[in-house]
Structure formats: structure tokens, C-alpha cells
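Student: What follows is a protein structure lacking sequence information:
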């Protein structure tokens, strides 16, 4: 069964509402829906180029630059606060040099093991028709199992719910982390503490307010701006590495291990701050369908990872040379002459990272509605030419309120980062668990082979998840609570909708009975396509025998009304089986279902070629008879 991505459907006029998709959470739904398409992404139009032309019309380099702007925005803002938070938790009396080298070693190997090995080299190979992400992995697992699995379904919605839990924190911590650079601004640093939160609030409010206008006009600048940001990160780091060239040995893993052993339980706590350096890694997999596998992999391996590594090494070298720099190592790296340009660039980079989270939330909401996990809500188009440009007013408002509440309650990145990361680690753990099903049932790996790969990665996920659980008293309970509420909502809606659908099906006319009725009382024929409304996305999907018999019945009925001679059935036009839905047992609802025939041309004189009816739902071909 094939499904078109949302970016391939015709765009609606700006401001128009989209129709909701199937309202059931069954295996059939999840396995046929290209679930991880992010139609809200500014570069969604490039997704079509990737899927149909390999590297797209604008070329490989353009896609790589675009991926830097959309995929790596979140992880690219981590140097603003990750090193500072990790060093802050090192206990007094610990050897300063070991602490700095140990933290950098842990950060580097976290980037290597989690981002490079797990996501870039492994999970990006597990794609669902080019799409990636938790929901795509869930769809692959359901399809491979061949039946509905409650466990896989539950893991999938947990991963989706945790995304929202982290989504309200990312904009606040990213923008606030950039604006806090004013504290170290030359000449005015001590006089602006009281302005940091209001300035951050103004930036965030403006960001959420412009969502309804769309981002198509400014999206083309996201990639170049973020590329410039990463070049700045790499340049600053390279410049300060020469303060203490010996910092390069921190890339050896033994420094991280020695640091953890020396600090004991405190080292385990510090891992929660080290994980801040890899937040946003899940975007590599989730956005794979937009830019293609290779552009994202090459952008990470040959550009983003080297720039991040250089910057963290530079922060470490500066802190070794000047211990006072550990209070805010990133902004202490910036020379006075370049401070304001870099401050503006950092602010732009954090806004872009926040934009990626917001559009991701819009996309996740649309996918959840399409999979029957959430009730139908307004989804508006913001572009006449790009179907992927969408705006979800309710989600936008909820995110804005949540972000502003966090901003004014916590008021600093020191306190915000105390709750940051737990949702991401949970989502990564879900990916690892779903990957086991994928390896066993899709790639047909033996059990020991799957364990050999996933046990080390799963252990790493569990260690980071356990470390982040220690943040619960400091506020990490909030994203977990939000995620739990969303899981409850999704389970309730999916279960209730499935129950209602089953009851409605029992009270309605069966498909075979409908076919018999049509044969006994042939309906009036008109040219065109008949559209019926039904909330049952599984129309006939559970009875293959019924499909076969219904095919024969519809094939005999799907001929042009003007064809007096059956031998003229190969007229090539689209004919409709047109009748009143309310008289034939098709229930009226919110989902569009239409039937049409495609007669096959006769190669020679003989029996009338049977038409091949197709059932389509909201642009997705569910029953290719």
C-alpha cells in the first residue's frame, strides 16, 4: 500500500482549513501513512525533490545547507550553556584540569556514540519510504509484525508525547541562553540583568505571533545563517585552542572514564548536564525525509561535528588558561570587537532553532490527527504554492503560553536546564526499543546480532535517562507530566474512536451486501467521481475475501453510462459508481472516500475488460484493488 506525503497534495488557499484524516489508531493506519513527514517544515518542498530526483533540483550542496538550518539548529545552540552547566556541577576539590578534560571527553564521545553511531550511521538506514522519526519507526515495526501490536503502538505514542514535553523548553532555554550574553557584554554587562527576561519574552512573543503569516519568505535564510553560526563556533574554538594546545588529549575516552570514577555519584549527576550537548540529535532522524539521508549525513560528519568539537575544545582550553571563564565559557571566548555581531548571530540561531521546534510541533500534531491519535483541530495553510506550510492555532497558543510561563518562572538558563533533556532521553530510549523490532523483523537479524548492537546503545540511553531523572525535584517533572497527559489523551481518543467505529460497523450495511444491492438495483450513472464521507479509514480493509468479491461486483458496475455495448467499456474515462450514501449504508462523517474505475484497454476483441476500482482516502491509496 502506498501513501502520498502531505507535501505532494495540492495546496489549499492561504488560511483555509485542512481536513482531518483517519480517526483510528490501528496498525493499518500507522503502517500506511508516511507518519513522520514534517509538512510544516520550511523546506518541505525540497522533500519532493529528494524523493523523486535523488538529490533534488537545487543539488546536493543546497540540500546540505538547508539541512544545517532546519535539522541542526537545536544542537547548534548547545555550546551556549552545555559546558557551563557541566562544569558548574563539578565538586570543589576535584582536579580542575581533570574536570575540564573529563567533561570535554564525555561531551565529544556523547556526540560520537549517540549522534554519529546511533542516528547517522544506524537509524538513518531504517527509513519508511525515505521518512524517519519515532512514528516512522513505529509504522515499520507494526508493518513488519504483520498485526497490531499494543506494545509498539504504546511506545510510538510515548515518543510522540515526549516530543511535546521537550518542545516547550527548547525555545525558552535557547533564546534565553543567547540573550544572557548581555551579562558579559563589554561596557554594559552589569546593568542589564533585569532586562534579560523581558527581552527574551519579546523575541519569543514575536516569534509565535508571526507563525500565522508563514515562514516561506524567511526560510531561505535559515540555512545560510546557521552555516555562518557553525563557522563562528568553529572559528572561536580554533582560536582559543592555542591558549592550551594540550586540550586536544581530551578527545581520548580515558579522560572521561577517569573523571567519572574520580567523582563517583557526582559524575553520574554531571552526565545529565553533558547530555545537553546532544539535545536535538533526534532531529537528524526525524527530518530525514525532507533533505535525504546523504545530505544530512555529510553535513554532520564533515561540517557540524567538526565545528562543535572545535568549539568545545576551545571552551576547555580557555577555561584551563583562565579558571574564571568557567562561569560562562562561551561568551568569554568572544572578543570585544566582535561581541555584538556574534550576539545578534546567536540570537538569530536560537530563533531558528526555536522555529524548527515549533514547526515540528505543528507537523507532529498533523501526523497524530492523521493517525487517529488526536481529535480533529484547525490546521491552516499559509502558502499558496507549498502544501507543507501549515499553522495550527491551538498548538501555537499552547506553546507560547507554556514557554512564557517557563521563562518568567525560572528566569535563567541555570534553572531551565535543570529540567531540560529528560524528554529527549526518553524519546531516544523509545527509538532504541523500536529499533530492536525493526532489526529482528525487517532486517531479519538474529537475536544475538540485534543485542550486540542495541545493548550498548540502550545502556547508554538508560544511563543518560537515569541521570536526567535526578532532575525531577528541580523541575524535570513538568515535561514528564505533560508527556503523560498527552499519552492519556492519545490512548483515550484512539481507543474510544476504535470502539465507536466497531459499533458503527456492526450497525451499518456490510460491504458485500452493498455490492449485492447495487447489482440488483443498478444506480443511475453520471460521468465523474462520486465522493462519500466516512469516518472509517478501514473500509473493507479487514476482509480480504470481501475485497475480492467486492472487486468483481464493482468491476461489473464501473462502466460508462453511455456505453450501450459492453465492448466499448475501454473508453478510458473515469466513471463513477454514483449513489446516495445515506441509502446504501455508507455513513457520513469527516473523511473523504471516493470510488472510480480505470478500465484496462482491450488487446483484442473478446470479453469486456474489467475495471479496476480504487479506494482512496484523503489522497492516500488504502485499498489498491
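Tutor: Ah, there it is. For clarity, every value in this text was computed on a predicted model and none was experimentally measured.
Student: what residues go with each domain of this protein?
Tutor: Residue ranges for the structural domains of the chain, counted by automatic domain parsing, are given in the record as 6-495, 509-623.
Student: Comparing these, which comes out most buried?
Tutor: Burial among these, expressed as mean neighbours by mean count of other C-beta atoms under 10 Å, is greatest for domain 6-495, which shows a mean of 20. Where C-beta positions appear, they are placed from N, C-alpha and C, glycine not excepted.
Student: wouldn't residue 260 be in contact with residue 268 here?
Tutor: Yes. The criterion here is C-beta atoms under 8 Å, and residue 260 meets it with residue 268 at 7.4 Å.
Student: returning to what we had before: would a markdown table of the domains of the chain with mean pLDDT be doable?
Tutor: Formatted as a markdown table, those follow (pLDDT from 0 to 100):
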| stretch | mean pLDDT |
| --- | --- |
| domain 6-495 | 82 |
| domain 509-623 | 49 |
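Student: now the ones you listed as TSV including distance to residue 502?
Tutor: Formatted as TSV, the domains of the chain follow (distance: least, C-beta to C-beta, whole Å):
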stretch	distance to residue 502
domain 6-495	10
domain 509-623	10
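Student: and residue 326, how far is that from residue 262?
Tutor: Distance, residue 326 to residue 262, using C-beta to C-beta, to the nearest Å: 18 Å.
Student: Got the phi and psi for residue 375?
Tutor: Residue 375 has phi and psi values of phi -60, psi 160 when expressed as degrees, to the nearest 10.
Student: ugh, typo on my part, it should be residue 281
Tutor: Dihedral angles of residue 281 (phi, psi; degrees, to the nearest 10) stand at phi -60, psi -30.
Student: Excluding chain neighbours, what is closest to it?
Tutor: Excluding the flanking residues, the one nearest residue 281 by C-beta to C-beta, 6 or more residues apart in numbering is residue 115, at 4.5 Å.
Student: Pretty sure residue 282 is one of the things that neighbour touches, is it not?
Tutor: No. Under the criterion of C-beta under 8 Å, residue 115 makes no contact with residue 282, lying 9.5 Å away.
Student: Run through the residues that contact the residue nearest to residue 281.
Tutor: Applying C-beta atoms under 8 Å, 6 or more residues apart in numbering, we find residue 115 in contact with 75, 278, 281, 284, 300, 305.
Student: the strands in the stretch 351-500 of the chain, which residues?
Tutor: Remark: strands assigned in the stretch 351-500 of the chain by DSSP state E, counting those that start in this stretch are 380-381, 390-391.
Student: what about stretch 85-102, how long is it end to end?
Tutor: 14 Å (C-alpha to C-alpha, to the nearest Å).
Student: And that stretch, how far out from the chain middle?
Tutor: 35 Å (C-alpha atoms, centre = their mean, to the nearest Å).
Student: can you check stretch 344-364 too?
Tutor: Its chain's C-alpha centre and that of stretch 344-364 lie 13 Å apart, by C-alpha atoms, centre = their mean.
Student: for stretch 77-92, same thing?
Tutor: Chain-centre distance of stretch 77-92: 27 Å, with C-alpha atoms, centre = their mean.
Student: Likewise for stretch 114-133?
Tutor: Taking C-alpha atoms, centre = their mean, the mean C-alpha location of stretch 114-133 is offset from the chain mean by 12 Å.
Student: try stretch 135-143
Tutor: The gap between the average C-alpha position of stretch 135-143 and the chain average comes to 14 Å, counting by C-alpha atoms, centre = their mean.
Student: on that earlier part again, could I get the strands of the stretch 351-500 of the chain as a markdown table with distance to residue 506?
Tutor: Below are these laid out as a markdown table (distance: least, C-beta to C-beta, whole Å):
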| stretch | distance to residue 506 |
| --- | --- |
| strand 380-381 | 36 |
| strand 390-391 | 36 |
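Student: residue boundaries of the helices in the stretch 251-400 of the chain?
Tutor: Assigned helices in the stretch 251-400 of the chain, in chain order: 253-263, 265-274, 282-286, 288-291, 293-299, 305-321, 329-333, 339-370, 393-410 (criterion: DSSP state H, counting those that start in this stretch).
Student: can you list these in a markdown table and add distance to residue 236?
Tutor: What follows is the helices of the stretch 251-400 of the chain, written out as a markdown table (distance: least, C-beta to C-beta, whole Å):
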| stretch | distance to residue 236 |
| --- | --- |
| helix 253-263 | 22 |
| helix 265-274 | 21 |
| helix 282-286 | 23 |
| helix 288-291 | 27 |
| helix 293-299 | 20 |
| helix 305-321 | 6 |
| helix 329-333 | 5 |
| helix 339-370 | 8 |
| helix 393-410 | 27 |
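Student: contacting residues for residue 314?
Tutor: Shown in contact with residue 314 (C-beta under 8 Å, 6+ apart): 236-241, 333.
Student: for those residues, which one is nearest residue 321?
Tutor: Proximity to residue 321 was ranked across the contacts of residue 314 by C-beta to C-beta; first place goes to residue 240, at 8.1 Å.
Student: and of the helices of the stretch 251-400 of the chain, who's closest to residue 131?
Tutor: helix 288-291 (3.9 Å).
Student: other SSEs contacting that closest one?
Tutor: For helix 288-291, the packing partners by 3 or more C-beta pairs under 8 Å, 6 or more residues apart in numbering; DSSP states H and E come out as helix 44-53, helix 59-70.
Student: any residues touching the next helix or strand after the last one, and which ones?
Tutor: Counting by DSSP states H and E, the next helix or strand C-terminal to helix 59-70 is helix 73-76. Residues from elsewhere that reach helix 73-76, judged by C-beta under 8 Å, 6+ apart: 115, 170, 174, 222, 226, 229-230, 233, 277-281, 283, 304, 308, 349, 352-353, 355-357.
Student: in what helix or strand does residue 203 lie?
Tutor: When secondary structure is defined using DSSP H and E, the element that contains residue 203 is helix 196-209.
Student: tell me the angle that helix makes with helix 393-410.
Tutor: 180 degrees (axes from the mean of the first three to the mean of the last three C-alpha atoms, to 10 degrees).
Student: Helix 196-209 to helix 339-370, inter-axis angle?
Tutor: Note on geometry: by the same axes, to 10 degrees, helix 196-209 and helix 339-370 are set 50 degrees apart in direction.
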